[in-house]
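Asker: return atomic coordinates for the entry below.
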Amino acid sequence: MTEAIPTMESVERKTKRRSSFWVELFVRLLREKPLGSVGGAIALVMFLVGIFATFIAPYGMNEVHLGDSLQSSTAKHLMGTDQMGRDILSRVIYGAQISMIVGVGATAINTLVSLLIGVTSGFIGGKLDLIVQRFVDTWMCFPALIMYLSVMSLTGPGLTQVVVVLGVAGGIAGSRTIRSVVMGIRRNVYIDAAQVAGCSTLTTLVKHILPNIMPVIIIVSSTHVVGAILGEASLSFLGFGVPPPVPSWGGMLSGEGRRYMSVAPWMALWPGLALSVTVYGVNMFGDALRDLLDPRLRGGLGRYSTTSMRRKRGGHM
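Answerer: Below is the predicted model:
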């Protein structure tokens, strides 16, 4: 069976369709989800602050000024200083870098693990699906924080360990969402037609399954970013996350933030506020994406799916 060689015109049409999808999605986000737009802006600002922390921070993350210890907000130190004279603003900015590394890194691992387990289990089915899902059910019986603490107590604290543990643990639990979507797509006629036409399992997954679950992947990933940031803050607060002197928002709240709460409340106020604003922004953005892309919600994916866009333009299934 020979396949038609794609022409330059067909490639351009596909590119325009994809571009139109994202433009329409962006316009709907601004028009219908103002809180989601604000949340997206907050998430983008925090992401850029994390990337360019070295250039934005007025001082080094551990630069000590003993003569300025425990100072409140001044022109020299806008958010005050800690007991060692370290600038709180600089440490909060570097804390944003840690949170973004954990959020993006853990979410990437999370997505890969969810896809590997969910797509394989949902598409193949049978005994494999039964065995895999019993393992996932057992894993989800344990509270997430207890699982994190148990694994981190074995691996030891560290940024790499936190990213891997949060990514793998969250990916196992999140695979159920991917599995349910894949099982729904698997029943469609075009999947049977692709298999009858001689497409291998890998080709079917890559060309017909993954493109149709991409909106769900985006939704799941956006929610996992929040979980990863909060997970890292919780572990650092309990002493199992990123070890000092590296500034982590959770670690800043736990150590000196609690010890000097009555004397220098700003030491806990600013990292706590930064964590709250970041989680709020990413949450609002994720909820807006879910409302716009989820096919189970009114005005969701059905309006923007690849198939519906082709129908609008007079294309074929």
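
Asker: now do the contacts for the nearest residue to Pro247 once chain neighbours are set aside.
Answerer: Closest residue to Pro247 in three dimensions, ignoring its sequence neighbours and counting by Cβ to Cβ, 6 or more residues apart in numbering: Arg91, at 3.9 Å. Every residue, glycine included, has its C-beta placed from N, CA and C. Contacts of Arg91 were listed using Cβ atoms under 8 Å, 6 or more residues apart in numbering, and they are 61, 82, 247, 252, 271.

Asker: hang on, the fourth one packs against Leu273?
Answerer: No - between Met252 and Leu273 there is no contact under Cβ atoms under 8 Å: 11.3 Å.

Asker: between the two, who's got more neighbours?
Answerer: Using other Cβ atoms under 10 Å, the more surrounded residue of Met252 and Leu273 is Met252, with 27 against 14.

Asker: quick one, helices of the stretch 51-200 of the chain?
Answerer: For the stretch 51-200 of the chain, the helices defined by DSSP state H, counting those that start in this stretch cover 53-56, 88-124, 126-140, 144-155, 159-186, 189-196.

Asker: deepest of these, which one?
Answerer: Most buried of the helices of the stretch 51-200 of the chain by mean neighbour count (mean count of other Cβ atoms under 10 Å) is helix 88-124; its value is a mean of 22.

Asker: got the angle between that one and helix 189-196?
Answerer: 70 degrees (axes from the mean of the first three to the mean of the last three Cα atoms, to 10 degrees).

Asker: if we can go back for a sec, as a markdown table, the helices of the stretch 51-200 of the chain with mean pLDDT would be great.
Answerer: Output for the helices of the stretch 51-200 of the chain, formatted as a markdown table (pLDDT from 0 to 100):
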| stretch | mean pLDDT |
| --- | --- |
| helix 53-56 | 90 |
| helix 88-124 | 90 |
| helix 126-140 | 87 |
| helix 144-155 | 86 |
| helix 159-186 | 88 |
| helix 189-196 | 77 |
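
Asker: which one, of the ones you listed, ends up nearest to Pro34?
Answerer: helix 88-124 (23.6 Å; Cβ to Cβ).

Asker: tell me how far the closest one lies from the chain's centre.
Answerer: 5 Å (Cα atoms, centre = their mean, to the nearest Å).

Asker: what angle do that helix and helix 159-186 make?
Answerer: Using the same axes, to 10 degrees: helix 88-124 against helix 159-186 is 40 degrees.

Asker: helix or strand: which one has the most centrally placed residue in the chain?
Answerer: Taking Cα atoms, centre = their mean, the centroid of the chain lies closest to Val225, which sits 2.7 Å from it. According to DSSP states H and E, Val225 maps onto helix 210-237.

Asker: and that helix with helix 88-124, angle?
Answerer: 140 degrees.

Asker: what helices or strands is helix 210-237 leaning on?
Answerer: helix 88-124, helix 144-155, helix 159-186, helix 249-254, helix 266-293 (3 or more Cβ pairs under 8 Å, 6 or more residues apart in numbering; DSSP states H and E).

Asker: for Leu202, find the nearest of those.
Answerer: Distance to Leu202, taken as Cβ to Cβ, is lowest for helix 88-124 among the helices and strands packed on helix 210-237, at 10.5 Å.

Asker: between helix 266-293 and the closest one, find me the angle.
Answerer: Using the same axes, to 10 degrees: helix 88-124 against helix 266-293 is 30 degrees.

Asker: to Pro243, which of the helices and strands packed on helix 210-237 lies closest?
Answerer: From the helices and strands packed on helix 210-237, taking Cβ to Cβ, the stretch that ends up closest is helix 249-254, at 7.9 Å.

Asker: would you mind listing the buried residues in the next helix or strand after the closest one?
Answerer: Next along the chain after helix 249-254, taking DSSP H and E as the criterion, comes helix 256-259. Under the neighbour-count criterion of 16 or more other Cβ atoms under 10 Å, helix 256-259 has 256-257 buried.
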